[in-house]
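Chemist: sequence? don't have it. structure:
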């Protein structure tokens, strides 16, 4: 398990070693610079989790006759305690598993065990994703339950040194390089911009190699966990 502290150490000895934030105290990041590095780590995780299917989630949607656009947004989650009255709770989450906007993009949609057509203009029954986290159902039937599997984001890093950072070993170099890229991009010197470009090139090279070799999935395994557990099959 790699933690924020572990990655701070690697950054201080590697990508950020030429900056004062990384060499003030060997093996760590200077305290006043940690929020900025954490922010850059969150952005790097978002990029990787958007590009690769590193984590999946699933929600159940209840359809309504008058709603054709279903947004995977916690504003519409049943157990969102701050949900406004005008937002119909069509996301049927659970009290102990509230939906918290974890979705990055919709992967597949199921009606029971049947996978439904998605973004297929030649299929009259196809559903669509006009936005990565929006499901369009042209002909919704009230009461129908759909299982929506989505590519999920990494939990936000909040500055705790012991917090786990989940990055496959094959992508650790890309993750560190993107953090380096963001950090140097924020420095307004020609030399820094050149170093940033080098980090970005390495990031793209590692990601391209992984995509070509297929050692990290761009789509995860198909499961029907929530449908099965709730007995809606």
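Modeler: Now that the structure is in, tell me what you want to look at. Everything numeric in this text was worked out from a predicted model, so none of it was measured.
Chemist: which residues touch the nearest residue to residue 100 once chain neighbours are set aside?
Modeler: With C-beta to C-beta, 6 or more residues apart in numbering as the measure, residue 74 is the residue that lies nearest to residue 100, at 5.8 Å, once sequence neighbours are left out. Backbone N, C-alpha and C define where each C-beta goes, glycine included. For residue 74, the set of contacting residues under the criterion of C-beta atoms under 8 Å, 6 or more residues apart in numbering consists of 80, 83, 91, 98, 99, 100, 101.
Chemist: look up the pLDDT of the third one for me, please.
Modeler: In this model, residue 91 is scored at 98, pLDDT.
Chemist: hmm, back to that, any idea of the pLDDT on the residue nearest to residue 100?
Modeler: In the predicted model, residue 74 carries a pLDDT score of 96.
Chemist: most centrally placed residue in this protein?
Modeler: Nearest to the mean C-alpha position of the chain, counting by C-alpha atoms, centre = their mean, stands residue 153 at 2.0 Å.
Chemist: so what's it up against?
Modeler: Contacts for residue 153 were tallied using C-beta under 8 Å, 6+ apart; they are 45, 46, 49, 50, 55, 102, 103, 104.
Chemist: list only buried entries from those.
Modeler: For those, burial is judged from neighbour counts taken by 16 or more other C-beta atoms under 10 Å, and it is met by 45, 49, 55, 102, 103, 104.
Chemist: the second one - that's part of a helix, no?
Modeler: Same thing as residue 49. Yes. In this structure, residue 49 lies within a helix as judged by DSSP: H, G, I helix; E, B strand; the rest coil.
Chemist: from residue 72, how far out is it?
Modeler: Taking C-beta to C-beta, to the nearest Å as the measure, residue 49 and residue 72 are separated by 15 Å.
Chemist: kindly report the same for residue 133.
Modeler: Distance check for residue 133 against residue 72: by C-beta to C-beta, it reads 4 Å.
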